[in-house]
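>>> this one's sequence-less:
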């Protein structure tokens, strides 16, 4: 029994060496069937870093669209998911069929490892952001790194309104907070972009500022209680609080530009996926990228990745306006120099 | 012939358990150590060298030793008098106090971090601001995001480990020794210092060790309180390396993990083989209710002091958690208009994923506690009732397992139990149950070992002479006598497994998410209020269970 299992595993590993390019034909064929979700069946497991509230909402909708497919979401922060997938790759057994994780650079990495299935999305020209020419990944939701403050505790006039001043303005010393680039993909993208723009000294300034490196929910609470004057955070988490809890917290779209993170959707190759359900995966991918799928993304306080999608999320400003002044992120560098960038950040910001 | 039969069954049990420990504990840990010293499949110190060239890693090692060391000293220093006061004196409300201190063991320690962060943050901490105004200070007096803050929360939430260990030992101590001292003219205080405490020394050392290991391998508290103040410990650093999500990251994590393991083993060695040698036989077969020391005129002041301590360390943080769970805008008072809501409780009690996680936690904790107790029982028997050579080895493994930081156990299991060596339990509940058992069996083990020591072998010998086989003697003689200890031990394993975070956070998968993970995820990513509601729910549940158990069994079976 064990020997058979080992042989099967070995065969699967061999099969996976065939990169995603070779499985492109399967993807193209399947895309035809995506028109009708009712015909599909089987199971699809999606690892995602989207909020659980949004997942719950999506779960119900997807049940309607794909009544025959058992779609299961597994929530985790980007870092948690990355380490989980790394451990799974190490063990030769992946647990997910699809990934919707914040950090786009990871898509480059997974594609290089030949783990991604190529799907030719018919409406890809409608997308506002870069996608993989071979169809291994597409941008599906746009997250913006912004600044936020609490008008009930501090006046906007006294606060820095740019990322540059966020690190340099001494009035924030001990009163500011940001996400952890080691566990959050968007925070990582942000520090790479800011390092490109302002140099390594941006990190040492953050360190001198005594910025607290912590998760979004903790930071938002600190903003609420007045413990922090200003935080670097994802726009969506502030918008969510504004709509759901009528929170007074406000977004500051920084003068020097937001950092836009077009998060991707991707499918694992048939050989490496646990459920071998490429037809359903393609259909789910197409649905997420469609205007209907995007509606749920926008309902979940994220921006649509489609150029033709009309509205921004609740209380936000138009996506194009943000894009016009965004700080570019070098995704290639995010991926290639990950170790060096993270270490530099840790040495500067996480040691007192 | 019957004699041969009896040996067979015993050895079957013992060998099975030894094999279990060897496969699921010893092998993974050895593999982890080897992995730390291998680069690209070759034996090399390169990985170790690289990781220790970073100053930040030295600082996190220093922080871990410092904070866990201080938490150990303070935690034990608190536990000894409290255990004595609640167990051996006529302190007012002593069983109530005992209940309170034990309750702290039953709530996730990171809940404490959540509360203290709100009470003592330097900018607007509730207690800080209150003290500032009260004393007319220019600045707030405390900063929770400091070494001191970390030590404070670690101490107040890990001292129950020492408290439980020490108070059990105090209750089991032969009172005639103390009586002899009193009859010879020694004052109660002198008896305490010359008889009780010296007799307690082995237990106190064991308790201190438990606190040190728990504090040094804790992840939740340093990540909530340490990290924002730029104080990283080995565990927070390891988690960062793990979440790099690459093989390199795993190796770096393994390197740091090995260091943490080495410290724990050193402490273990010291306590077990240096201090532990002084193993007094304090427990005789016929135990009577120890006499209570009269506190005399100190009775009221000491009760007030204990009450204040309980108020500060237990009631206040729990109250904060409950208040947080019903406050919409945490920047305003809970009594402000429209600011009170039960919706977070509603979410915590109805959300599908949370209920699923609660079920998982319950099941895996029950499995870990039950299988764990079975192993503990057999091992305790081996240790106390046989003279087999090497009978201390499994006990040693159980102690090492507990002494190994949670992160290390989880990493080692991921690396070895995911199919590469023929066993694949990764992504299943089994891997969590195994991890929980390795980490928490010790509390159960200590409980049954002390129960075994209490039952004189003469009872079993009498049964044996009367012709009872091994199984029969177990069932009819030994087992009934130690049932209360088994139940207590079972709960001591069950509770920390029920809300375990550090290992679960690395081991959970789609279908095996647990309550600890859920709580931590809500705390850090979604909503502090929902997390607080969930923590409050867990607290109410454990208090209710402990109370019910206490009532139903007339005080025999509570922890």
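Everything's here; your move. It should be emphasised that the depicted structure is a prediction, and the values quoted were computed from it without experimental measurement.

>>> what's in contact with stretch B:186-193?
The contact list for stretch B:186-193, computed with Cβ atoms under 8 Å, 6 or more residues apart in numbering or on different chains, reads B:84, B:178, B:181, B:182, B:194, B:195, B:293, B:294. Glycine gets a C-beta too; all of them are placed from N, C-alpha and C.

>>> SS state for the third one?
The reference is to residue B:181. helix (DSSP: H, G, I helix; E, B strand; the rest coil).

>>> got any ranges where the stretch 201-350 of chain B has weak pLDDT?
For the stretch 201-350 of chain B, the stretches with pLDDT under 70 are B:245-246, B:271-290.

>>> related to what we said a few turns ago, of all pairs in the contacts of stretch B:186-193, which one spans the longest distance?
B:194 and B:294 (18.2 Å; Cβ to Cβ).

>>> Tell me the most packed of the contacts of stretch B:186-193, by neighbour count.
Within the contacts of stretch B:186-193, residue B:178 tops the neighbour count with 22 neighbours, counted by other Cβ atoms under 10 Å in any protein chain shown.

>>> That one in helix, strand or coil?
Under three-state DSSP, residue B:178 comes out as helix.

>>> Distance of it relative to residue B:95?
In this view, residue B:178 and residue B:95 are 21 Å apart by Cβ to Cβ, to the nearest Å.

>>> Residue B:483 now?
From residue B:483 over to residue B:95 (counting by Cβ to Cβ), the distance is 21 Å.

>>> Also residue B:292?
12 Å.

>>> now do residue B:227
Residue B:227 is 39 Å from residue B:95, by Cβ to Cβ.

>>> How about residue B:212?
Residue B:212 is 29 Å from residue B:95, by Cβ to Cβ.

>>> can you list the domain ranges for chain B.
Residue ranges for each domain of chain B read B:1-31+B:341-559, B:54-325, as given by automatic domain parsing.

>>> and stretch B:178-193, what's its mean pLDDT?
Mean pLDDT, stretch B:178-193: 84.

>>> is it true that residue B:520 touches residue B:508?
No - judged on Cβ atoms under 8 Å, residue B:520 makes no contact with residue B:508 at a distance of 10.8 Å.

>>> buried ones in stretch B:455-469?
B:455, B:460, B:463, B:464, B:468 (16 or more other Cβ atoms under 10 Å in any protein chain shown).

>>> Which ones among those residues map onto helices?
Among the buried residues of stretch B:455-469, the residues falling in helices (DSSP state H) are B:460, B:463, B:464.

>>> who's in contact with the second one?
Applying Cβ under 8 Å, 6+ apart to residue B:463 gives the contacts B:472, B:473, B:476, B:477.

>>> re the thing from before, the more surrounded of residue B:227 and residue B:95?
residue B:227 (23 against 13).

>>> Surely that one and residue A:350 touch.
Yes - using Cβ under 8 Å, residue B:227 makes contact with residue A:350 at a distance of 7.3 Å.

>>> and residue 153, what does it touch?
If you meant another chain, say so; for now it's chain A. A:223, A:226, A:229, B:331.

>>> You answered for a different chain; I wanted chain B.
Contacts of residue B:153 by Cβ under 8 Å, 6+ apart are B:109, B:112, B:113, B:116, B:144, B:221, B:225.

>>> What helix or strand is the nearest residue to the fourth one once chain neighbours are set aside located in?
On the basis of Cβ to Cβ, 6 or more residues apart in numbering or on different chains, the spatially nearest residue to residue B:116 that is not a chain neighbour turns out to be residue B:153, at 5.1 Å. When elements are assigned from DSSP states H and E, residue B:153 belongs to helix B:147-172.
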